[in-house]
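Peer 1: Here's my sequence, what's the structure:
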Amino acid sequence: AALTVRFLTRRFIGEYGDMEFIYSHNLTVDGREILFHIWDVPNSQQAEDGSSEEKRIQWADSFVLVYSICDRASFNILPLKIQFIKAAKEGQSQEKVPIVIVGNKRDLHHQRVVSSEEGRLLALSLDCGFYEVSAAE
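Peer 2: Below is the predicted model of the structure:
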């Protein structure tokens with residue numbers, strides 16, 4: 001949620017509840033107006049029954065999966081989530097689904113438990129993009 005709000009408002013808010021939201025946002029990219037619809041789902045709600053997750057996957061055109069570099073469990077669930085997304089989306093068409101893995105909390109390097117190299121290697125092995133960021137910075 002912090003990363004989504006930072007993207008939308010350029011402000012950092014550190015504390016969020018456990019709610020999911022859908023945001024709409026216009027942005028000009030390379031001279032073109034792009035309308036983003038962002039379905040922000042907290043990690044705790046992603047473990048729901050498969051039908052809810054399947055609905056979210058069918059709704060989306062691309063995916064940004066965020067983990068905390070300070071939380072190994074948030075990183076370890078990514079391969080399964082990505083396989084689920086690819087099976088659901090790429091099974092229907094020949095097009096590759098755009099997926100980006102984002103390691104958040106880069107500013108908390110002293111609490112890091114997932115290395116940048118691990119993130120890059122995972123993204124490479126799953127044919128995804130990769131970034132490390134700090135919503136706070």
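Peer 1: make it CA atoms for all contacts and neighbour counts henceforth
Peer 2: Will do.
Peer 1: C-terminal to the biggest helix by length in the chain, what's the next element?
Peer 2: Longest helix in the chain by number of residues, with DSSP state H as the criterion: helix 78-90. Past helix 78-90, further along toward the C-terminus, the next helix or strand under DSSP states H and E is strand 99-104.
Peer 1: which parts of the helix or strand just after that following strand are buried?
Peer 2: Beyond strand 99-104 on the C-terminal side, the first helix or strand identified by DSSP H and E is helix 116-125. Under the neighbour-count criterion of 16 or more other Cα atoms under 10 Å, helix 116-125 has 116, 119-120, 122-123 buried.
Peer 1: do the same with stretch 73-86
Peer 2: Within stretch 73-86, the residues that qualify as buried by neighbour count (16+ other Cα under 10 Å) are 74-75, 78, 82, 84-86.
Peer 1: Equivalent analysis for stretch 2-13, please.
Peer 2: Neighbour counts over stretch 2-13 (16+ other Cα under 10 Å) mark 2-4, 6, 8, 12 as buried.
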